[in-house]
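Visitor: sequence plus predicted model, see below.
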Amino acid sequence: MKLCSVFLLCIATLAAGQPSPRSFEHLSQSAQQAYAANRNEEALRLYAQAVKLRPEWAEGWWAIGMINYEEDHYPQCRDALTRMVGLDKSAAPGWALLGLCEFRTGQYDLSFQHLKKAHMLVPVKESGGQLLAMANYHLALLLTRQGAFELAQQMLVEVALRVRNNPDMVFASGVTSLRMPILPSAVPSDQRDVVAMAGKVFWDVALEHTGQAESDFKALVAAYPDFPNVHYFYGTFLAAHSPKQCAPEFLAELRVNPSSVPARVQLALHYILEGKTAEALKYAKQAVALSPDSVGAQLALGQALRGAGRDQDALTAYQAAERLDPVSPKIRLYLANEYRALGRPEDMRREQSEYRRLKAEQPNWP
C-alpha cells in the first residue's frame, strides 16, 4: 500500500472514532434546555459554542448576557450585551441589561446613555416589565448623580407605581428629593435618617397617599428644619397641592440655604402665577446671578421678563437656556412663542421645526 494511502486510512480511522461536531440547531436547543433547568454553567458553555457557529444569533448573546448577570459576572454580561444590541438596536431589554451591567462596573456615562436608550424605546403607556422598571430606577440614580433632580423624580414616580414597595428605592428617592448629587451608597451615616424620612414622603406622594404625605412632611420639617432642601421639598409639594402656601417654605429654604438657586426659581414661578412681576423678576435675576449656567434660572427669567412685557429681553434669556441645553424640545417651544410675540414668523417656524425634530430623536423622554 502506498504511503499516502496508509496516511489517509489512518486519518479516516481516527475520524471515525471522534464525535461529529454538533449543529447549531442542536447546540441552541440543548442550551435552552439547560438554561430552563437552571444548569447555568452548562447552558453558558453551549450558548458560547452556538454563537461561535452563528455570531449573528442575537438571542444567544442575550442569553449569555442574562446568565452572566445572574451570576454577577458583569464585565462578561456587558460584552455579550454589546454584541446583542449591535445586532438588534431596537431591543429595549438589551439596552436595559447592558446599562445595568455598566452601572455595576462603574461605567456611569455609558450606563446613562444605554439606560436612557432603553427608556426611550418603550412607549409611555407600556410598563416595560420588571427589567425596564429596574433600568428606570438606575437611570434615576444616575440623573440624581448628575444633578438632574426633577427628571430623576419623574423616573422614580414611574418606578414607584410599578414596584409599589422596595426599601432601597424608597431610600434612594430621599436622596433625589433632598437634591443630593450622590448615589445612595455615598450618603453619610449621620444623614441616613433624614434621607429615609424624605424617601418615605416621596413614595407617599408618588403613590398618591396625599393625607399620609402631608403628615409625613410635617414630621420631616419638624425633625429637620435646618437640613438643606427640606423646606424646598415641602414647598414643591405645596406648589402642586396648595399653591398659596408654598412661598413661605421657599423663603424658609433661603434662610437655611441662602445661596439656593432652585428656591429662587420656584419663588419666581410662583410670583409669575400671582401676577407679582416685580417680585418674580427679583428672584429670577438673583437666580441667574448666582448660577448663570442654570437652565431653570434662565427659563424663569425669560418667563418673568415676558410677564413684564419685555419680550426682547425674554428672548435673550431663552436663547441663553438653549445654548446651555441645545437638545431640549421644551426650550424650542419657549423660543417659538417668543418669536411669535416679536412678530418674527420665520424664526418661529424654525424653532417649531427644531422642536419636532428633537422630540422625534428623543421619543418618550420628558
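Guide: Great, that's in hand.
Visitor: from now on I want contacts and neighbour counts done on CA atoms only, so please keep to that.
Guide: OK.
Visitor: which helix or strand in this structure has the lowest average pLDDT?
Guide: helix 3-16 (a mean of 35; mean pLDDT, DSSP states H and E).
Visitor: can you list the buried residues in the next helix or strand after it?
Guide: Going down the chain from helix 3-16, the next helix or strand is helix 24-36, by DSSP states H and E. Of the residues in helix 24-36, those with enough neighbours to count as buried (16 or more other CA atoms under 10 Å) are 24, 27-28, 30-32, 34-35.
Visitor: which helices and strands does the helix or strand just after helix 24-36 pack with?
Guide: Using DSSP H and E, the helix or strand that follows helix 24-36 in sequence is helix 40-53. Secondary-structure packing of helix 40-53 (3 or more CA pairs under 8 Å, 6 or more residues apart in numbering; DSSP states H and E): helix 24-36, helix 58-70.
Visitor: and the first one, what does it pack against?
Guide: Looking back up the chat, that one is helix 24-36. Judged by 3+ CA pairs under 8 Å, 6+ apart, helix 24-36 is in contact with helix 40-53.
Visitor: next, the buried residues of the helix it packs on.
Guide: Residues of helix 40-53 classed as buried under the neighbour-count rule (16+ other CA under 10 Å) are 40, 43-44, 46-51.
Visitor: got these as a markdown table, with pLDDT and distance to Gly147 columns?
Guide: What follows is those, written out as a markdown table (pLDDT from 0 to 100; distance: CA to CA, whole Å):
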| residue | pLDDT | distance to Gly147 |
| --- | --- | --- |
| Asn40 | 91 | 40 |
| Ala43 | 92 | 42 |
| Leu44 | 92 | 39 |
| Leu46 | 92 | 44 |
| Tyr47 | 92 | 41 |
| Ala48 | 92 | 41 |
| Gln49 | 92 | 44 |
| Ala50 | 92 | 44 |
| Val51 | 92 | 41 |
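Visitor: for these, which one is nearest Met169?
Guide: Ranking the buried residues of helix 40-53 by separation from Met169, with CA to CA as the measure, puts Asn40 on top at 29.1 Å.
Visitor: verify the contact between the closest one and Ala34 for me.
Guide: Yes - contact criterion CA atoms under 8 Å: Asn40 and Ala34 qualify, at 6.9 Å.
Visitor: tally of neighbours for Ser242?
Guide: Look at Ser242: counted by other CA atoms under 10 Å, it has 11 neighbours.
Visitor: separation between it and Val157?
Guide: Ser242 sits 20 Å away from Val157, taking CA to CA, to the nearest Å as the criterion.
Visitor: residue contacts, the closest residue to Leu178 other than its chain neighbours?
Guide: Closest residue to Leu178 in three dimensions, ignoring its sequence neighbours and counting by CA to CA, 6 or more residues apart in numbering: Asn229, at 5.2 Å. For Asn229, the contacting residues are 177-179, 253, 257, taking CA atoms under 8 Å, 6 or more residues apart in numbering as the criterion.
Visitor: sounds good, over and out.
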